[in-house]
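**Q** after the sequence you'll find the predicted model.
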Amino acid sequence: MTLTLTEMAVEVLTTADGRAKTALSHQHAAAWFASRKSGHPIPVGTANPPLRPARPEKPELLDPRDVPRRRPGSVQGRMAILHAVAHIELNAVDLHWDIIARFGHIPMPIGFYDDWVKSADEESKHFNLVCDRLEAMGSHYGALPAHAGMWRAAEDTAEDLFGRLAVVPMVLEARGLDVTPGMIKVFQNAKQQDVVDALSVIYAEEVGHVAYGSKWFHFLCGRHEKDPKDMFHDLVRTYFHGALKPPFNEEKRAEAGLPPDFYWPLADETPPAHVRS
Ligand SMILES: [Fe+2]
Ligand SMILES: [Fe+2]
């Protein structure tokens, strides 16, 4: 039986184990792109994704306030950083398949699916890269508690494709662009070149995910004759809890199609003079 793309997405979402989920994600992405190349793309179809994806028994999911903080100067601290990144990557795999499964009823150009399948495949690679580094350090994904709130944005925007694009790629993944260089520095200082290399792959590919978000957000705004900047501000204020946190990686955000007047008005600080003038 051949699955539709949205059915493939549901299969990934309902697989709990991280390594198994990401292997399936890679397999389905390869099938999608092979079908695209052959000129007979797998039909998108429609499906009923679960409200929350299946997750392994470990890590234990805690309120962010209860997740213990560790100093980046220690080995334990660096393992905790990598563990948090692995958790983010696993969520990202599900988020990209979820946008495909959740909004299959909204007609979109086929490039929309190409972009999110490619992103999901990259997140799967990121999860495995980070898990490999964690295991090389003597730990593993599941060894520490992780943030429970990571799926909240997906649930809040389950009925709103505009909101999903605004909050997930254009706020949450853009935040990754802001914080990853600092993380890379931590591992440079610790002379863990293998981790630096893994995080550098992630950093380079995440620009693409933010860019896909911006591209399809602008596309949808155009389809509905909405002003993208005003829409973005309204949606982030509706669905995202709290202000955006500077400093922003303005260069990479620009590369991803996010101009300063999108995010600065949502920040909890007055923008520097060069942004206002
Ligand atoms: Fe990623
Ligand atoms: Fe991503």
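**A** Here it is on my side, so go on. Quick caveat: nothing in here was measured; it's all calculated off a predicted structure. Ligands and ions are numbered 1, 2, ... in the order given.

**Q** rest of the way, CA atoms for contacts and neighbours
**A** Noted.

**Q** shaky segments in the stretch 151-277 of the chain?
**A** 274-277 (pLDDT under 70).

**Q** enumerate the residues of it near ligand 1.
**A** The stretch 151-277 of the chain has no residues near ligand 1, with proximity defined as CA under 5 Å from the ion.

**Q** next secondary structure after the host helix or strand of residue 180?
**A** Per DSSP states H and E, residue 180 falls inside helix 174-189. Following helix 174-189 in sequence order, the next helix or strand is helix 193-223 (DSSP H and E).

**Q** in that next one, what's buried?
**A** Neighbour counts over helix 193-223 (16 or more other CA atoms under 10 Å) mark 195-196, 198-200, 202-203, 206-218, 220-221 as buried.

**Q** could you do stretch 146-165 as well?
**A** The neighbour-count check on stretch 146-165 (16+ other CA under 10 Å) flags 146-147, 150-151, 153-154, 157-158, 161-165 as buried.

**Q** again with stretch 246-257
**A** Here stretch 246-257 shows 246, 248-250, 252-253, 256-257 as buried, counting by 16+ other CA under 10 Å.

**Q** tell me how far that stretch lies from the chain's centre.
**A** The chain centroid and the centroid of stretch 246-257 are separated by 16 Å, computed with CA atoms, centre = their mean, to the nearest Å.

**Q** what's next to that stretch, contact-wise?
**A** 174-175, 177-178, 207-208, 210-212, 214-215, 259-260, 267-269 (CA atoms under 8 Å, 6 or more residues apart in numbering).

**Q** show me what residue of the stretch 51-200 of the chain gets nearest to ligand 1.
**A** Among the residues of the stretch 51-200 of the chain, residue 123 lies nearest to ligand 1; the distance is 4.3 Å by CA to the ion.

**Q** so that residue is in which element?
**A** Assigned by DSSP H and E, residue 123 falls in helix 110-136.

**Q** avg pLDDT for that helix?
**A** Averaging pLDDT along helix 110-136 yields 98.

**Q** after it comes which helix or strand?
**A** strand 146-147.

**Q** which of the contacts of stretch 246-257 lies closest to residue 64?
**A** residue 175 (16.7 Å; CA to CA).

**Q** skipping adjacent residues, who's closest to that closest one in space?
**A** residue 248 (7.8 Å; CA to CA, 6 or more residues apart in numbering).

**Q** what distance do you get for that neighbour to residue 266?
**A** Using CA to CA, to the nearest Å, we find residue 248 at a distance of 12 Å from residue 266.

**Q** so who does residue 161 touch?
**A** Applying CA under 8 Å, 6+ apart, the residues contacting residue 161 are 99, 103.

**Q** kindly apply the preceding question to residue 104 instead.
**A** Counting by CA under 8 Å, 6+ apart, residue 104 has contacts 6, 44-47.

**Q** again, 6 Å this time
**A** Residues in contact with residue 104 (CA atoms under 6 Å, 6 or more residues apart in numbering) are residue 46.

**Q** and it, backbone torsions?
**A** Per-residue torsions, residue 104: phi -60, psi -20 (degrees, to the nearest 10).

**Q** that older thread, quick one: buried residues of the helix holding residue 180?
**A** 174-178, 180, 183-184, 186-187.

**Q** returning to that earlier point: quick check, nearest of the contacts of stretch 246-257 to residue 20?
**A** The closest of these to residue 20 turns out to be residue 208 (CA to CA; 24.7 Å).

**Q** what sits closest to that closest one if chain neighbours are left out?
**A** Per CA to CA, 6+ apart, closest to residue 208 is residue 256, 6.6 Å.

**Q** assumed residue 80 was part of a helix.
**A** Yes: judged by DSSP: H, G, I helix; E, B strand; the rest coil, residue 80 forms part of a helix.
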